[in-house]
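Q: Here is a sequence together with a model predicted from it:
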Amino acid sequence: MPLIEAENLILGYERRAIAEGISFTVNKGDYICIVGENGSGKSTLMKTLLGLTAPLDGTFRFGDNLRKNEIGYLPQQTVVQKDFPASVTEIVLSGFEGRKGLRPFYTREEKETARRNMDRMGITHLAGSCYRNLSGGQQQRVLLARALCATERVLLLDEPVSGLDPKVTVEMYELISRLNHEGITIIMVSHDVAAALKYASHILHIGDTVFFGTRDEYVQTSEGKLFIERSSNTRKKEDKRDDR
Amino acid sequence: MIDKLINYLQFPFVRYALIVGVLIALCSSLLGVTLVLRRFSFIGDGLSHVAFGATAIAAVVGLSNNFAVVLPVTVVSAIILLHTGRNTKIKGDAAIAMISVGALAFGYLLMNIFSTSANVSGDVCSTLFGSVSILTLTKDEVILCIVLSVLVMLVFVLFYNKIFAITFDESFSRATGMKTGAYNLLVAVITAVIIVLAMNLVGSLLISALVIFPALSAMRLFTSFKSVTVFSAIISVICAFLGIVISILAGTPTGSTIVAVDVAAFAICWLTGLLLRR
């Protein structure tokens, strides 16, 4: 039974549709990349998956006993977080808040799990450091560790490498890939089509036309070819601009 | 000077002022950290003006116990401001400005038109700057203040981890199943209670200082949420205590003396922070 099943979703704000006809299924262990132009509704889809906004139309089902709050989330950084006084441990522990109900304090097991997750992300040595003094890559690792405290089943990543330098970007992708091999289902919104094709098992392309299927199928489709070509062209253009 | 102070402490109203002042300073600093971090520094200002308007209405209607009017009105305004701030057509800061200035104007207007005492500007001045009211607290008011402060502290400690999670990342919290709406409501209500309590101490124009200065001072020096919260509570209590003592000894207005001490403490923390970082 699939973890998440979406059929003919129509997404939008205030009754205005942004994206239509989105259907896809997420199975355990999948690595799904959501790609599309800016403004095609990627982040709206993300919010729908997290239950933050309701779809305008269509059906949306969770299966395999997946509860709504069992989707871990790696959001994009907010302005507030840039000068937030908080230690890494405090942030990682806060991942448990959603499932611990009204209990005011953390249990010993939760603290132990948090330590383990920091270890998995290679940030144990930063436990007492202040979040705002970390590098972009380290901050993303902290937020990933927090997401792992919230759930071990599905992780939803919103542009996880934006603003990271190339070396750290590769490390981040390898880390995510490793989590996927450990059995965690990954859903990632990304601009980076090249990386999507390298790591993902499935691609969900939204925009004027909607495609959902395996990576190999996507490369064969006309919209896939077009989109890959176009994004590598913009990359070339950007590279040229950087050279100058 | 010590003799003079001990002499003053014989009077119950001085002791009341110290107890109430320290408790209010403690409560307001606890909430200050989350309000400052969520960019709600001005909420204190907005709400205190609403409370001022409500006080004016209470005075005009001739209520002897104006708590009964001021508290509910302020709580409702807090809920409106903190709750609908994000998704409405009028954005957070504009909504705060609108409500606060409106309430201030209406409050002064009402006090002028239906003045009950001969000295309108004196009344207005003391509500705005809390000049003497801190020293005229009755025993009942002190007890009410103690009860409410203890409640606020209890709620804060019990929900500390939740308040941290939501302050740091509201959408993550909501996505992973926290009832963020309910907790925002809770923060709004506590904020309103503290504002109404603090009006007695520093008056409605200076409340923001009590909320933001300790938090900002602590943020210059500390890097974890817990240490910032604890230190801002400590610094706020010390400043309030010193402020009240100085105001008694020097005969200065209590509210502005406390705020002046807060500003001085901020300057010291800021300089120390600069020196430590080099």
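A: Nice, thanks for sending it over. Residues are numbered from 1 along each chain as shown, chains lettered A, B, ... in the order given.

Q: Please, where are all the helices along the stretch 51-200 of chain B?
A: Along the stretch 51-200 of chain B, counting by DSSP state H, counting those that start in this stretch, helices occupy B:67-84, B:92-113, B:120-129, B:139-158, B:160-168, B:170-175, B:180-202.

Q: ranking those by mean pLDDT, which is last?
A: Among the helices of the stretch 51-200 of chain B, helix B:120-129 carries the lowest mean pLDDT, at a mean of 70.

Q: Residue A:139 is in contact with residue A:130, isn't it?
A: No - the pair residue A:139 / residue A:130 is not scored as a contact, 10.9 Å apart, by C-beta atoms under 8 Å. For the C-beta atoms, the positions are set from N, CA and C on the backbone; glycine is no exception.

Q: Of those two, which one has the most company?
A: residue A:139 (22 against 18; other C-beta atoms under 10 Å in any protein chain shown).

Q: Is the more buried one in a helix, a strand, or coil?
A: In three-state terms, and counting by DSSP: H, G, I helix; E, B strand; the rest coil, residue A:139 is helix.

Q: Residues of the stretch 1-150 of chain B that sit close to chain A?
A: B:37, B:38, B:39 (C-beta under 8 Å from any C-beta of the partner chain).

Q: So how do I select the buried members of those residues in ChimeraX?
A: Here is the ChimeraX command that selects the buried residues among these (16 or more other C-beta atoms under 10 Å in any protein chain shown):
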select /B:37,38
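
Q: So which of the residues of the stretch 1-150 of chain B next to chain A belong to helices?
A: The helices, defined by DSSP state H, take in residue B:37 from the residues of the stretch 1-150 of chain B next to chain A.

Q: The residues of the stretch 1-150 of chain B next to chain A into TSV, with extra columns for pLDDT?
A: Shown next, in TSV, are the residues of the stretch 1-150 of chain B next to chain A (pLDDT from 0 to 100):
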residue	pLDDT
B:37	89
B:38	83
B:39	79
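
Q: Pick out whichever of the residues of the stretch 1-150 of chain B next to chain A sits closest to residue A:49.
A: Of all the residues of the stretch 1-150 of chain B next to chain A, the one with the least separation from residue A:49 (C-beta to C-beta) is residue B:38, at 25.4 Å.

Q: contacting residues for that closest one?
A: Residues near residue B:38 by C-beta atoms under 8 Å, 6 or more residues apart in numbering or on different chains: A:80, B:167.

Q: Could you pull up phi and psi at it?
A: phi -90, psi 10 (degrees, to the nearest 10).

Q: Could you do residue B:40 as well?
A: Per-residue torsions, residue B:40: phi -110, psi 30 (degrees, to the nearest 10).

Q: In this structure it contacts residue B:93, no?
A: No - contact criterion C-beta under 8 Å: residue B:40 and residue B:93 do not qualify, at 9.4 Å.

Q: Which one of those two is surrounded by more residues?
A: Each of residue B:40 and residue B:93 has its neighbours counted (other C-beta under 10 Å); residue B:40 has more, 24 against 15.

Q: For residue A:61, which non-adjacent residue is closest in space?
A: Among residues not flanking residue A:61 along the chain, residue A:5 sits closest, at 4.6 Å (C-beta to C-beta, 6 or more residues apart in numbering or on different chains).

Q: what's the spacing between that neighbour and residue A:219?
A: Distance, residue A:5 to residue A:219, using C-beta to C-beta, to the nearest Å: 25 Å.

Q: go on, residue B:153?
A: The value you get for residue B:153 to residue A:219, if C-beta to C-beta is used, is 61 Å.

Q: okay, those two: which has more neighbours?
A: A count of neighbours by other C-beta under 10 Å puts residue B:153 above the other of residue B:153 and residue A:219, at 16 against 12.

Q: and that one, what is it in contact with?
A: By C-beta under 8 Å, 6+ apart, the residues touching residue B:153 are B:26, B:27, B:30.

Q: Contacts only, for the first one.
A: The reference is to residue B:26. With C-beta under 8 Å, 6+ apart, residue B:26 has these contacts: B:149, B:153, B:233, B:236, B:237.

Q: in what helix or strand does the third one lie?
A: What that stands for is residue B:233. Element membership for residue B:233, per DSSP states H and E: helix B:225-250.

Q: Can you work out which other helices and strands pack against that helix?
A: helix B:2-9, helix B:12-37, helix B:160-168, helix B:207-221, helix B:254-277 (3 or more C-beta pairs under 8 Å, 6 or more residues apart in numbering or on different chains; DSSP states H and E).

Q: if we go to 10 Å?
A: helix A:88-93, helix B:2-9, helix B:12-37, helix B:139-158, helix B:160-168, helix B:180-202, helix B:207-221, helix B:254-277 (3 or more C-beta pairs under 10 Å, 6 or more residues apart in numbering or on different chains; DSSP states H and E).

Q: can you tell if the shortest one touches chain B?
A: Yes - contact of helix A:88-93 with chain B is found when judged by C-beta under 10 Å from any C-beta of the partner chain, involving A:88, A:89, A:90, A:91, A:93.

Q: Pick the one among the residues you listed closest to chain B.
A: Among the residues of helix A:88-93 next to chain B, residue A:90 lies closest to chain B (C-beta to the nearest C-beta), at 5.3 Å.

Q: State the mean pLDDT of stretch A:17-35.
A: 88.

Q: Just give the nearest non-adjacent residue to the residue of chain A found nearest chain B, would you?
A: Here chain A gets closest to chain B at one residue, residue A:69, 2.7 Å apart by C-beta to the nearest C-beta. What sits nearest to residue A:69 in space, not counting adjacent residues and going by C-beta to C-beta, 6+ apart, is residue B:177, at 2.7 Å.

Q: Could you do residue B:270 as well?
A: residue B:220 (5.0 Å).

Q: Show me how far the helix or strand encompassing residue B:46 is from its chain's centre.
A: Secondary structure from DSSP H and E places residue B:46 in helix B:43-61. For helix B:43-61, the gap between its own C-alpha mean and the chain's C-alpha mean amounts to 13 Å (C-alpha atoms, centre = their mean, to the nearest Å).

Q: one step back: how about the helix holding residue B:233: buried residues?
A: Those would be B:225, B:228-233, B:235-248, for helix B:225-250 by 16+ other C-beta under 10 Å.

Q: now swap in stretch B:10-30 and tell me
A: Neighbour count says stretch B:10-30 has B:14, B:16-18, B:20-30 buried, by 16+ other C-beta under 10 Å.

Q: hang on, the earlier thing: name the nearest of the contacts of residue B:26 relative to residue A:57.
A: Using C-beta to C-beta, residue B:153 comes nearest to residue A:57 of the contacts of residue B:26, at 48.1 Å.

Q: ok, now how distant is that closest one from chain A?
A: Relative to chain A, residue B:153 is positioned 13 Å away (C-beta to the nearest C-beta, to the nearest Å).

Q: Let's see the pLDDT reported for the residue in the stretch 151-278 of chain B that chain A sits nearest to.
A: Closest to chain A within the stretch 151-278 of chain B is residue B:177: 2.7 Å, counting by C-beta to the nearest C-beta. With respect to pLDDT, residue B:177 has a value of 83.
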